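A structural model of the following input is requested.
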Amino acid sequence: VVVLFLTGDVQGKLMFVQQPMKMASAESLCDTQTDPDFSVLTVGTHNNCASENHVIEVPYVLPFLAEGKFSGVTLEGVNDLQKQYESRFGPGDYRPNLFVTYWSFRAMIGLMVVPLAFALLALWLTRGRRLPDQRWFGIFALITLPT
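Reported below is the predicted structural model:
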């Protein structure tokens, strides 16, 4: 689990460098901001930045995910990146589907909770060199595989 977190963190930081539009879309970050909050829940029309509303936000998380620092991080937003890409590559819509990108990122994070909970439960149940023999634990192990 620790290795999964570490490799995911490295890959996430790389994605902010190599694919900033994808990461801005995954966060529904419409405009460039310094130290933006991580959005846990956003409602509205994601593909129209004018009508989105960040309902639940957590400070310091997004700058850490992007650069490993808690402050002093400026992240480019979808609108600003769109203008850059139009001037660089010509006219066109370079934005991915913000709704799909945003919610698939949340689903990925949510599905990560299942194997994390399983690992912590397995550590608890195997303390003292015991082997878990509960039927529900085996079922939980099978459910954990696809997540």
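
quick one: which helix or strand includes Gly92?
If you go by DSSP states H and E, Gly92 is not part of any helix or strand.

let me know the pLDDT of the closest residue to it other than its chain neighbours.
Excluding the flanking residues, the one nearest Gly92 by Cβ to Cβ, 6 or more residues apart in numbering is Glu86, at 6.8 Å. Using the backbone N, CA and C atoms, a C-beta is placed for each residue, glycine as well. If you check Glu86, the pLDDT there is 95.

ok, now how distant is Glu86 from Asn79?
From Glu86 across to Asn79, the span is 11 Å (Cβ to Cβ, to the nearest Å).

more neighbours: those two, which one.
A count of neighbours by other Cβ atoms under 10 Å puts Asn79 above the other of Glu86 and Asn79, at 16 against 13.

what is the one helix or strand that one maps to packed up against?
Here Asn79 is covered by helix 78-89, with elements defined by DSSP H and E. Under the contact criterion of 3 or more Cβ pairs under 8 Å, 6 or more residues apart in numbering; DSSP states H and E, helix 78-89 touches helix 20-27.

what segments of this structure are helices?
2-18, 20-27, 61-67, 78-89, 98-125, 135-144 (DSSP state H).

next up, the contacts around the nearest residue to Glu57 once chain neighbours are set aside.
In this structure, Glu57 finds its nearest non-sequential neighbour in Asp37, 3.7 Å apart by Cβ to Cβ, 6+ apart. For Asp37, the contacting residues are His54, Glu57, Val58, Pro59, Tyr60, Val61, Leu62, by Cβ atoms under 8 Å, 6 or more residues apart in numbering.

the fifth one touches Gly72, doesn't it?
It refers to Tyr60. No: if you go by Cβ atoms under 8 Å, Tyr60 and Gly72 don't touch, sitting 11.2 Å apart.

so how far is Glu67 from Thr34?
From Thr34 to Glu67 the distance is 12 Å (Cβ to Cβ).

pLDDT score for Val46?
To be clear, residue 46 is His; Val isn't right here. 63.

ditto for Val1
Value for Val1, per-residue pLDDT: 63.

from now on call the first residue 552
Sure thing, new numbering starts at 552, so read that last one as Val552.
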